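> give me the fold of what follows.
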Amino acid sequence: MAGKALEGGRKKSVDRTGYFFVAPFVIVFFIFNVYPVVRTFYLSFTDYKGFGDAMFTGGTNYLRVLQDKFFWKALGNTARIWSVNIVLQLGLALALTIAFSDIKYKIRGLAVFRALYYLPNLIAATSVAFLFKTLLDWRYGTLNQLLVGAGISADPINWLGSTATAPYVLSVIGAWMWFGNSFIMLMAGVQGISRDYFEAAAIDGAGRMKTFTKITLPLLKPILLYVGITSLIGGLQMFDLPFLICGGTAGNPGGSTQTVVMYLYKFGFETNQVGFASAVAYVLFIIILLFSVLQFQMMYGKKKEGNKR
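Numbering: from 1, shown residues only. Predicted coordinates:
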């Protein structure tokens, strides 16, 4: 009996020690994650200005967000920039995955290529913005110098000063930064697929594209879903590139590059309308959640319906 009591006491001591080691993470998580989320939700129902008392205003802020045409314009800008970005990003990543996953072609130095493709993802957004602002400068940019010098364009193109080109320039820059990350994820998924599938397809005479569409792509669905949702979240939260390249929260030229987060930043930090900015944050959260669920249903909904039948 004494031995059992001693063993039970040791077990309780070990359990308490576990709580002691977990406590720092839990405390930090609640302070820097849970509390800001709850606090922001509360502030979204107030007229808080960043200082002083916060007066409860009900759903006025949310109604104002939904009725503000500039919010919808910012959302449209964000969707347009992200849509082109994700097509280029995933398209290039998938093309590279097809090339590097073919068992008929053993490419030497694969690790070097992976590092090179992933490198843009490691460069700070500030450096990327400076680089492309220099390359795309209207008067002295390298790209315009090459185009005019080669006779492709008669006059320099104002890449960042025209509403017709600026949003798509941001899309291309974003795709260049992030395609390497998507490529690494897809290649990791390919390496998890049994080589027997590819060898059987090669014996049956299946070509590169047929092997990819019939074997590789279906088995990469979980990875594609992950890449799609994370790209969606990152795209709808886009801020640093348009802010740094296009000159602040105005989203120049003509507001064509103002994203939802730039719109939020403008009200939250430039005009001190913290309550309204908090409401914008939660509206954006709901939009991201809805699109993520929709994306999941598009990839797995039909499969579940087929299994039920």
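> residues near the closest residue in space to residue 238 that isn't next to it in sequence, how many?
Computed as CB to CB, 6 or more residues apart in numbering, the closest residue to residue 238 that is not its neighbour in sequence is residue 259, at 4.8 Å. Glycine gets a C-beta too; all of them are placed from N, C-alpha and C. Residue 259: 28 surrounding residues under other CB atoms under 10 Å.
> next: residue 198.
Residue 198, neighbours per other CB under 10 Å, totals 20.
> quick one: mean pLDDT over the helix or strand hosting residue 167.
Assigned by DSSP states H and E, residue 167 belongs to helix 166-191. The predicted model gives helix 166-191 an average pLDDT of 93.
> and if you look at stretch 45-62?
93.
> endpoints of that stretch, how far apart?
End-to-end distance for stretch 45-62: 8 Å, by CA to CA, to the nearest Å.
> so what touches that stretch?
Residues outside stretch 45-62 that contact it (CB atoms under 8 Å, 6 or more residues apart in numbering): 43-44, 272-276, 278-279, 282-283.
> at 10 Å what do you get?
Contacts to stretch 45-62, defined as CB atoms under 10 Å, 6 or more residues apart in numbering, come from residues 39, 42-44, 63-66, 267-269, 271-280, 282-283, 286.
> picking up where we left off before, isn't the residue nearest to residue 238 up against residue 243?
Yes. With contact defined as CB atoms under 10 Å, residue 259 reaches residue 243; the gap is 8.4 Å.
> any buried residues in stretch 273-286, and which?
Buried residues in stretch 273-286, counted by 16 or more other CB atoms under 10 Å: 273-285.
> okay, stretch 179-198 in PDB with CA atoms only?
Extracted C-alpha coordinates of stretch 179-198, given in PDB (Å, rounded to 0.1, in the frame of the first residue of the first chain):
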ATOM      1  CA  PHE A 179       6.200  30.200 -56.800                       C
ATOM      2  CA  GLY A 180       9.300  28.600 -55.300                       C
ATOM      3  CA  ASN A 181       7.400  27.900 -52.000                       C
ATOM      4  CA  SER A 182       4.600  26.200 -54.000                       C
ATOM      5  CA  PHE A 183       7.100  24.200 -56.100                       C
ATOM      6  CA  ILE A 184       8.900  22.900 -52.900                       C
ATOM      7  CA  MET A 185       5.500  21.900 -51.400                       C
ATOM      8  CA  LEU A 186       4.400  20.100 -54.600                       C
ATOM      9  CA  MET A 187       7.800  18.300 -55.000                       C
ATOM     10  CA  ALA A 188       7.500  17.100 -51.400                       C
ATOM     11  CA  GLY A 189       4.100  15.700 -52.300                       C
ATOM     12  CA  VAL A 190       5.500  14.000 -55.400                       C
ATOM     13  CA  GLN A 191       8.300  12.300 -53.400                       C
ATOM     14  CA  GLY A 192       5.600  10.900 -51.100                       C
ATOM     15  CA  ILE A 193       4.000   9.100 -54.000                       C
ATOM     16  CA  SER A 194       5.100   5.500 -54.600                       C
ATOM     17  CA  ARG A 195       7.400   5.100 -57.600                       C
ATOM     18  CA  ASP A 196       5.500   2.000 -58.600                       C
ATOM     19  CA  TYR A 197       2.700   4.100 -60.000                       C
ATOM     20  CA  PHE A 198       5.100   6.000 -62.300                       C
END
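> which positions within it qualify as buried?
Neighbour-count burial for stretch 179-198 [16+ other CB under 10 Å]: 179-187, 189-190, 198.
> stretch 284-297 now?
Result for stretch 284-297 [16+ other CB under 10 Å]: buried residues 284-285, 287-288, 291-292, 295.
> so which of the residues you listed are in helices?
Among these, the subset assigned to helices under DSSP state H consists of 284-285, 287-288, 291-292, 295.
> quick one: the helices in the stretch 101-250 of the chain?
Taking DSSP state H, counting those that start in this stretch, the helices of the stretch 101-250 of the chain run over residues 110-122, 125-135, 142-149, 166-191, 195-203, 208-211, 217-219, 221-236, 240-245.
> of the buried residues of stretch 273-286, closest to residue 94?
For the buried residues of stretch 273-286, the minimum distance to residue 94 (CB to CB) is 28.4 Å, reached by residue 284.
> how about that closest one, nearest residue that isn't a chain neighbour?
Residue 284 sits nearest to residue 260 (CB to CB, 6+ apart), 5.4 Å away.
> ok, now how distant is that neighbour from residue 65?
From residue 260 across to residue 65, the span is 10 Å (CB to CB, to the nearest Å).
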